[in-house]
Structure formats: C-alpha cells, structure tokens
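Enquirer: 3D, please:
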Amino acid sequence: MTVDMPPNPVLARRRAGVLLHPTALPGTSGKLGAAVRQFVDVLAEAGITVWQTLPLGPTHADLSPYQSLSAHAGNPVLIDLEELVAPGLLDSQELTAFTRTEALEHASQRFHAGRYRESEALNAQAYQNFLEHHQWLDDFALFMTAREAFPGVNWLDWPEDLRDHKPTALEALRESHQSTLERVCLEQYLFFIQWTAVRHYAAERGIWLFGDIPIFVAHDSADVWAAPHLYKLDGEGKPRVVAGVPPDYFSPEGQHWGNPLFDWQRMAEDRYHWWVQRLASQQERFDLLRIDHFRGLQAYWEIPAENPRPVDGYWMPGPADDFLETCFRELPRLPLVAENLGIIGEDVEALRHRFRLPGMTVIQFGFDGSAANPHLLHNHKEWDLVYTGTHDNDTTLGWYQSLDERTREHVNRYLRINGPDMPWPVIQAAMGSVSRLVIVPIQDLLALGSEARFNTPGTIQGNWKWTLPEDYRARIDLPGLRNIVNLYGR
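Expert: Have a look, this model is predicted:
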C-alpha cells in the first residue's frame, strides 16, 4: 500500500540549499542574532532558498549534535546575548564581565522579577504559554538542574530517589535549586524566541529551514532519565543493548554509537506518543525534517552492551509502517526526508516509497566503478535530494585530493573536467541534477580542503569545532553562485 502524502511546499519546485550548522557561524556572543541574519542575507543574495542545519539540541562535552541532552530542547549556547540588551535583561558591560552562564542567570533574575521591557514576544503571559505548550520542559529543567548539582556525574550515579525520578526527590530539587530551574526554563524560552525570529527573517527572504532528527537519543539525556521504560535498559537503568551499524563504506569496522535502543513494543502501546511529541517539537522549528538513519525504522543493528564490537551485532525489526502511519495520522503535514545512506536493502526503500518520502544521494559516493551506482547523476530521481557531500564526509576538495589516481580519472572523465577548479565542477553537476533539491555544504562554496571537515565518523577528537571565517561573504563568488542557481532553474 502506498500512502498519499500532502505536497511539501519546499519540494514544489527545483531549489538549491546550503548545509551549515549554526555553531559554525562566526561570533562570540551567540549565533541567533546578527550572525545568523548576515548568513541568511548571503543565502538570499545568492538565490539559495533552503538552509539545512544539524540537530539543534544541547550537547555533551564532545559537542556532537547527534548525542544531545534532550530530543526537544534548543542549545542555549546559540542564544545571542547581545539580543538581550535591548529588552534590559542584560547591559552591555555584563556581556564581557560575566561568563555565559552568569549572564543568563542575571537575565533570568531580571525576567522573573519583572525588571525588563516587555514586547509582543517577551512577556510574562507569553512565557506561561510557552511553558504550557512545551510539557517536556519540566523534566528537562529538572535534569539539567540535577546535572549542575552533581557535576560530571551520569544520572545513573545520582542519589537513588533522584535517579529513579521519584516525586519526593523531584520536589526537593525544585525547592533547593529554584533559581537554576528558572534559568534553564528561561534559556529555552529565549532560544524559542530567537529561533522563531530567525524563521520569520528567513521566510521573509524566501528561505526555508531544513532540520535533522537523530533516530536515537543519548543515554545521558533527560529523555532516558524521565522515561526509562521506553528503552531497552536493565533494572539499574544501564543499556542492555546499544545502537550502531555493521561495516559499510563509512567505516570498514562498523560503528558503535552506544545509544540505548527503543523498546518499540512499549512505545507502540501508547501509539508512539513520545515520538509524536518529538516530531511536533521539530516541526515547530523547521519546514523540512530529515530522519537520520531512517533504515532503523525498518530494521536496526543491535549490539550487546557488554560487547563493544559492532560486528557482533544483529538486525532487529523496527516499527516500520505502524510507526509512520501513526506519525502521519497525528501530524498530517509532517515534512519528512529519509536519510537512506549506507547499507540499504530493498525493504528499507520499499518502506520509504510506500510513504512517498524523499531520499538522499551524495555525489562523492558515486565513483565505485559501477554505472548503476545510484549516486551518479544519470541515476538520480526527481524527488530525492542530491548532496555534494554531507557533514560526515570530507569537503569535496579534500575528497578529490585524497582520491587514488584511477578514481580521480574516473571522476574527471564522468564530469568532463581536468580538476583544477574543484569543487565547482561537482557543485555545478549537482545543480544540474534532475533532483528537486540540491544541498551544498558551505565549506564547498568556500572551496575549502580537509582542514574544514566538520565530522569524521568513528572518531571522537576534533569534530564539530570548525567555524566560518569572519570574511566568508567576501570569499564566496555570490554572483557566480547565483548564475549557476539560475542556470539550472533553482
């Protein structure tokens, strides 16, 4: 059975987009103010109409947006503190005198004392409406407050009653750490206000926002702490099995992600309420949403927790049609894209096609010598997305420079080039694809090499730290980019 899906306005015509995570924007006071407005203006000047980000949640010390402290919350690091001066939540001296946490603590005290200038977006009633509409926030605020009360300690090692989410322990935490709770809640309100302003600013300039949802969550997260029964954990809250993938072209040894796995049977009992709420949170922020590791909905790789070798895992059936039917019934206009990279069987593609979900192709993956490779231009499909590369790949220039001579010659022959202008021949090829939406990482538009790679899968050092140079606008050939966008009707 094929499910009829409502048309997605983002994919209603040919478009070009750019991939950039907001943490990579320049600026020291935060990203969701002047820094993001300048970036949106650059996109608009180039004729780009889609901005894709990575997940926006608060991260652990490794900075990975795919191992967030919450499936719902926004990362307070992105809040632009300079934007808090005009309403009187901060003054200009405090921007440099305080740490970020101290500044937000002062802002919270002023807000809850009513010592600020109200606006349509920032006022006590709007704040109460925000709290009522985002019911996940109470558990998240308690979780973050407990993390500050027990720094560096996983929730498994908190006092037993707090670890087990007992009401008496939660109430005691509220009473003893009220100011921290208030600050965490205000941070989420400020993130909401600033991101909503970003979305409006982008929409006024014809730009759609494209978000990303990791299929799994981090064990050390508010989600697992507050609802451990939804995951495959033992009696002490430790994962019995964890997520990963078998060997593929991303990693010849496979990948051990370590995320706890969902107990899909338990989730089905309340019709996937947790997931519906999660998707609703992201739909509030974005016009298009990618589900990372979509194949895990059909079948996922389960690795015994006591054995960290990915090759010792095994496939387990996912919730598949039942899950997607429920999500689309509850959220009829849910704008999903399926990440279908890696080892993808016909059953996964059949699931995707039954729900008419766009998939992905990556030009860098096309040159294995087979003319049937789905990532080659002549095999692209109109409703799938095409990327020059993703956040998990080397930059296109770095990739090209690292190729062996035979593969580089294959690339040159296929694209009818001799290489010196890389990565622009690949960008132009992607723009000419039949695919409705092409996404180009910002590093490729700047013709940067491997030094600008954002993430290397299977490694834990040096990832997620690259930032745009301050003069990035001047380094991009905006008229040339706009000409290519127009040339291919994007």
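Enquirer: Wasn't residue 145 part of a helix?
Expert: Yes - under DSSP: H, G, I helix; E, B strand; the rest coil, residue 145 falls within a helix.
Enquirer: And for it, the neighbour number?
Expert: The number of residues packed near residue 145 is 23, by other Cβ atoms under 10 Å. In short, each C-beta sits where N, CA and C put it, glycine included.
Enquirer: In contact with it, which residues are there?
Expert: 173, 177, 180-181, 184 (Cβ atoms under 8 Å, 6 or more residues apart in numbering).
Enquirer: For those residues, pick the one with the most neighbours.
Expert: Top of the contacts of residue 145 by neighbour count (other Cβ under 10 Å): residue 184, with 25 neighbours.
Enquirer: Now that one: closest residue in space, sequence neighbours ignored.
Expert: Counting by Cβ to Cβ, 6 or more residues apart in numbering, residue 184 lies nearest to residue 141, which is 4.3 Å off, once chain neighbours are set aside.
Enquirer: that's a helix at the one you found, yeah?
Expert: Yes - under three-state DSSP, residue 141 sits within a helix.
Enquirer: Let me see the contact set for it.
Expert: 181, 184-185, 188.
Enquirer: on that earlier part again, can you list the contacts of residue 145 in a markdown table and add distance to residue 455?
Expert: Output for the contacts of residue 145, formatted as a markdown table (distance: Cβ to Cβ, whole Å):
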| residue | distance to residue 455 |
| --- | --- |
| 173 | 35 |
| 177 | 34 |
| 180 | 32 |
| 181 | 33 |
| 184 | 28 |
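Enquirer: Nearest to residue 31, out of the contacts of residue 141: which one, please.
Expert: Nearest to residue 31 among the contacts of residue 141: residue 188, at 16.0 Å, using Cβ to Cβ.
Enquirer: returning to what we had before: what about the contacts of residue 141, which are in helices?
Expert: Secondary structure defined by DSSP state H assigns 181, 184-185, 188 of these to helices.
Enquirer: Quick check: mean pLDDT of the helix or strand containing residue 426?
Expert: Applying DSSP states H and E as the criterion places residue 426 in helix 424-431. For helix 424-431, the mean per-residue pLDDT is 97.
Enquirer: what do you get for stretch 298-311?
Expert: 93.
Enquirer: Once you drop chain neighbours, what's closest to the most centrally placed residue in the chain?
Expert: Residue closest to the average C-alpha location in the chain (Cα atoms, centre = their mean): residue 55, at 1.9 Å. Closest residue to residue 55 apart from its sequence neighbours, by Cβ to Cβ, 6+ apart: residue 65 at 4.3 Å.
Enquirer: count of residues packed around that neighbour?
Expert: When neighbours are counted by other Cβ under 10 Å, residue 65 comes out with 21.
Enquirer: With residue 171 instead?
Expert: 10.
Enquirer: can you pull out the helices in the stretch 101-250 of the chain?
Expert: 124-133, 137-149, 160-163, 167-176, 178-204, 222-226 (DSSP state H, counting those that start in this stretch).
Enquirer: which one of those helices has the most crowded surroundings?
Expert: Ranked by mean neighbour count under mean count of other Cβ atoms under 10 Å, the helices of the stretch 101-250 of the chain are led by helix 222-226, which reaches a mean of 24.
Enquirer: re the thing from before, which ones are touching the residue nearest to the centre of the chain?
Expert: 65-66, 68, 211-214.
Enquirer: For it, which three-state class applies?
Expert: Quick answer, by three-state DSSP: residue 55 is coil.
Enquirer: per-residue pLDDT, the closest residue in space to residue 475 that isn't next to it in sequence?
Expert: Of all residues not flanking residue 475 in the chain, residue 446 sits nearest, at 5.4 Å (Cβ to Cβ, 6+ apart). In this model, residue 446 is scored at 98, pLDDT.
Enquirer: before we move on, what about residue 251?
Expert: 75.
Enquirer: didn't it look like it was pressed against residue 458?
Expert: Yes - here residue 251 lies in contact with residue 458, judged by Cβ atoms under 8 Å, at a distance of 4.7 Å.
Enquirer: ok, those two, which is more surrounded?
Expert: Between residue 251 and residue 458, counted using other Cβ under 10 Å, the more crowded position is residue 251 (18 against 15).
Enquirer: shaky segments in the stretch 201-350 of the chain?
Expert: Applying pLDDT under 70 to the stretch 201-350 of the chain picks out residues 249-250.
Enquirer: I'd like the next helix or strand past the helix holding residue 426.
Expert: Past helix 424-431, the next helix or strand by DSSP H and E is strand 437-441.
Enquirer: where do the strands sit along the stretch 1-150 of the chain?
Expert: All strands of the stretch 1-150 of the chain, identified by DSSP state E, counting those that start in this stretch, fall at 15-19, 50-52.
Enquirer: And the shortest one, how far out from the chain middle?
Expert: Same thing as strand 50-52. 12 Å (Cα atoms, centre = their mean, to the nearest Å).
Enquirer: Let's test this: mean pLDDT of it, rounded?
Expert: Strand 50-52 comes out at a mean pLDDT of 98.
Enquirer: Pairing partners for that strand, with directions?
Expert: When pairs are called by DSSP bridges, strand 50-52 turns out to pair with strand 15-19 (parallel), strand 208-214 (parallel).
Enquirer: So which of those strands is nearest residue 127?
Expert: When the strands paired with strand 50-52 are compared (using Cβ to Cβ), the closest one is strand 208-214, at 23.7 Å.
Enquirer: coming back round to it: kindly export the helix holding residue 426 (C-alpha atoms) in PDB.
Expert: Extracted in PDB, the C-alpha atoms of helix 424-431 (Å, rounded to 0.1, in the frame of the first residue of the first chain):
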ATOM      1  CA  TRP A 424      32.900  23.900  -8.500                       C
ATOM      2  CA  PRO A 425      32.500  21.200 -11.200                       C
ATOM      3  CA  VAL A 426      30.900  19.000  -8.600                       C
ATOM      4  CA  ILE A 427      28.700  21.800  -7.400                       C
ATOM      5  CA  GLN A 428      27.600  22.600 -10.900                       C
ATOM      6  CA  ALA A 429      26.900  18.900 -11.600                       C
ATOM      7  CA  ALA A 430      24.700  18.700  -8.600                       C
ATOM      8  CA  MET A 431      22.900  21.900  -9.600                       C
END
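Enquirer: What residues of it count as buried?
Expert: 424-431 (16 or more other Cβ atoms under 10 Å).
Enquirer: just the residues you listed now: which is nearest residue 468?
Expert: Using Cβ to Cβ, the buried residues of helix 424-431 come closest to residue 468 at residue 427, 17.5 Å.
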